[in-house]
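Chemist: Output the structure for:
(one chain, ligands or ions: 2)
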Amino acid sequence: MMAGTPILVLREGAEREKGKGAVGNNIAAARAIADAVRSTLGPRGMDKMLVDSMGDVTITNDGVTILKEVDVEHPAAKMLVEVAKTQDQQCGDGTTTAVVLSGELLKRAESLIDQNIHPTVISRGFSLALAEADRLLRKEIGTPVRPDDDEILSEVAQTAMGSKGVFGSRAELAKLAVKAVKTIAEKHENRTVADISLIQVEKKFGGGIADTQLVEGLILDKERGHPRMPTEVKDAKIALLNSSLEIKKTEFESKINIKAPGQLQGFLDQEDRTFREMVDAVKASGANVVISQKGIDDVVLHYLARAGIYAVKQVKESDMQKLSRATGGKVVTGYKELSSSDLGRAGAVEQRKIGDSHMTFVTGCKGARSVSILIRGGTEHVTQEVERSLNDALKVVASVLEDGVICPGGGATEMELAVRLRKFARTVGGREQLAVEAYAQALEVVPWALAENAGYDAVNTLIGLRQAHEGNLPTKNAGINFSAQGKPADMFQLKVVEPLRVKTQALSSATEVASMVLRIDDVIASKKSAPPASPPGGHSH
Ligand code: ADP
Ligand code: MG
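Modeler: Ligands and ions are numbered 1, 2, ... in the order given. As a prediction, this is how the structure comes out:
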């Protein structure tokens, strides 16, 4: 990635910019994005209300949600949006932090450029600082966590949800998240792998957030296909199909070409025979539940109901895969291939009434451990915000289980890094030293914005915090205490803790994008509408 100087290619109509002017403009565009989300940082951050072109409203404090919804045109600004997306994918949290840090690094770089320090030198200094920061995070600032320490895992989840609109229900949601992640976590030799895509999340509005529940099994947002089917099947033997139990319209029409009376009846009889054949195939396999990714004809549903079989149609492909894993059943293409060995097993398949609608619950699964979370909430906006928060919670818990290390929040980690990087800068020397110092300074934007967003005097808060980290009795876990007007406090005691990965990823993405923007010194308007230079961050893992 470091080879050569990237050239940004703009769409037709844009002016060509070169050298310092180009860097300045790119920095300005990127900083505009950072400034847009900065006021949402932290538990005291403001919510943003987004209205899209269809008039749909999202109210959120989630950095990545905001950036996903905003139409960003400028290529340098787009890179920052990519940073947020990468952070979200990798960590589920820290998106605003990553973007704000990127903006601040660029701001500090700009003043170095004004002092005639070449962008390449700044870039080099920044990567030295990043390498040292990464080392410090892993070796000095991070604290190991035992995988069975549910208390800490829950604190991590609660911190991640702290600034979302689910504040009052954080403790319960955190517990659910920890339990869900631990159910799917697997030990591979001496490593833990927690693939949270195995956790199914469904939402149904109605009820309150407190009704959100964990289900040891799977939930399908589908009711049974026919009112005369049983509402519950115990000791379920489940046929999983990814083809339809229907006769395709086109097939039928191309055949129907009636010349003689009686022929129509013949066709109808033939159709009925096919339907019965389908049901017979299901029965012959021994299945008492059919779950199909595709459609099931009403007549087939009727026959299945008569046979006492519970059927659900048009189930999402991702759910079919989860069903297959959880029940040990094989997804079969074509009912004719169905055999008893393909069937999945579950303790029960049943229809339950949730709010105003019916859902299908598959529980007591014999296959791999499976778990679902059913989100409830008064309105659709609430269930959406709960889903976003829960997603973050699941990801941070998973990353702490996998990495086994946490860092203090509330600006403590960033302040400690800033203090130590300033010391490190002296060992670097040359002009790069200035860049390392600028990097250290930039990190302080995190506690700064946290203080500012809470309405505190940011200068005084920062002075207090810096003293806590540099004073006679240095406390490396000191961060901003929102219960005491921003006075420094031990973040481990306040249970404000974050995964190591949130910190390392935010720093590496921010540094990468800053260096990228700094190295663009030529912006050419292209004749054809060529795509902009490939964004950073997206391919680093
Ligand atoms: P991001 O998108 O970066 O996660 P947030 O709005 O979630 O942005 O804010 C995260 C920041 O808020 C982190 O620095 C985190 O340590 C801090 N934070 C969260 N909860 C608290 C708290 N209770 N006290 C102090 N700082 C907190
Ligand atoms: Mg957060």
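Chemist: For the chain, what lies in contact range of ligand 1?
Modeler: Residues of the chain found near ligand 1 (Cβ under 6 Å from any ligand atom) are 40-43, 45, 61, 63, 93-97, 159, 162-163, 409-411, 446, 450, 479-480, 482, 496, 498. From N, CA and C alone the C-beta is placed, and that goes for glycine too.
Chemist: Those residues in strands, which ones?
Modeler: Under the assignment DSSP state E, the residues of the chain next to ligand 1 contribute G479, I480, E498 to strands.
Chemist: So which of those wins on neighbours?
Modeler: For these, the largest neighbour count, defined by other Cβ atoms under 10 Å, is 32 neighbours, found at I480.
Chemist: So that residue sits against P447, correct?
Modeler: Yes: the criterion here is Cβ atoms under 8 Å, and I480 meets it with P447 at 5.8 Å.
Chemist: joint contacts of these two?
Modeler: G410, G411, T461, L465 (Cβ atoms under 8 Å, 6 or more residues apart in numbering).
Chemist: Test for you: state the pLDDT assigned to the closest residue to the third one other than its chain neighbours.
Modeler: Meaning T461. Nearest residue to T461 in three dimensions, chain neighbours excluded: A451, at 3.9 Å (Cβ to Cβ, 6 or more residues apart in numbering). A451 is assigned 97 on the pLDDT scale.
Chemist: quick one: A451 and G464 touch, right?
Modeler: No: under the criterion of Cβ under 8 Å, A451 is not in contact with G464, lying 9.5 Å apart.
Chemist: Give the residues shared as contacts by those two.
Modeler: With Cβ under 8 Å, 6+ apart, A451 and G464 have common neighbours G486.
Chemist: hmm, back to that, let me have the ones in strands among the residues of the chain next to ligand 1 in a markdown table, extended by pLDDT and distance to T427.
Modeler: Converted to a markdown table, these look like this (pLDDT from 0 to 100; distance: Cβ to Cβ, whole Å):
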| residue | pLDDT | distance to T427 |
| --- | --- | --- |
| G479 | 98 | 27 |
| I480 | 98 | 29 |
| E498 | 97 | 28 |
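Chemist: quick one on the thing from earlier: contacting residues around the residue nearest to T461?
Modeler: G411, D457, A458, T461, L462, I480, G486.
Chemist: Show me which pair in those residues is furthest apart.
Modeler: G411 and D457 (14.8 Å; Cβ to Cβ).
Chemist: Look up which helix or strand the closest residue to Q90 other than its chain neighbours falls in, please.
Modeler: Nearest in space to Q90, with sequence neighbours left out and distances taken as Cβ to Cβ, 6+ apart, is Q505 at 4.9 Å. Element membership of Q505, judged by DSSP states H and E, is helix 500-519.
Chemist: Give the other helices and strands that that helix contacts.
Modeler: helix 19-38, helix 75-91, helix 95-114, helix 119-136, helix 380-403, strand 405-408 (3 or more Cβ pairs under 8 Å, 6 or more residues apart in numbering; DSSP states H and E).
Chemist: Can you lay out these as a markdown table showing mean neighbour count and distance to D211?
Modeler: As requested, those are exported to a markdown table (neighbours: other Cβ atoms under 10 Å; distance: least, Cβ to Cβ, whole Å):
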| stretch | mean neighbour count | distance to D211 |
| --- | --- | --- |
| helix 19-38 | 19 | 32 |
| helix 75-91 | 24 | 27 |
| helix 95-114 | 25 | 28 |
| helix 119-136 | 20 | 42 |
| helix 380-403 | 23 | 11 |
| strand 405-408 | 25 | 30 |
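Chemist: Just put the ones you listed in CSV and tack on distance to M415 and mean pLDDT.
Modeler: Conversion of those to CSV gives the following (distance: least, Cβ to Cβ, whole Å; pLDDT from 0 to 100):
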stretch, distance to M415, mean pLDDT
helix 19-38, 17, 84
helix 75-91, 20, 88
helix 95-114, 13, 95
helix 119-136, 12, 97
helix 380-403, 21, 93
strand 405-408, 10, 98
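Chemist: between those, which gets nearest to D235?
Modeler: Short answer: helix 380-403, nearest of those by Cβ to Cβ, at 31.2 Å.
Chemist: For stretch 450-459, C-alpha coordinates in PDB please.
Modeler: Coordinates of each C-alpha in stretch 450-459 appear next as PDB, following Å, rounded to 0.1, in the frame of the first residue of the first chain:
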ATOM      1  CA  LEU A 450     -16.300  13.200  25.600                       C
ATOM      2  CA  ALA A 451     -15.900  16.200  27.900                       C
ATOM      3  CA  GLU A 452     -17.200  18.700  25.400                       C
ATOM      4  CA  ASN A 453     -20.300  16.600  24.600                       C
ATOM      5  CA  ALA A 454     -21.200  16.400  28.200                       C
ATOM      6  CA  GLY A 455     -21.000  20.200  28.500                       C
ATOM      7  CA  TYR A 456     -17.900  20.300  30.600                       C
ATOM      8  CA  ASP A 457     -15.100  22.700  30.300                       C
ATOM      9  CA  ALA A 458     -12.900  20.600  28.000                       C
ATOM     10  CA  VAL A 459      -9.600  22.400  28.800                       C
END
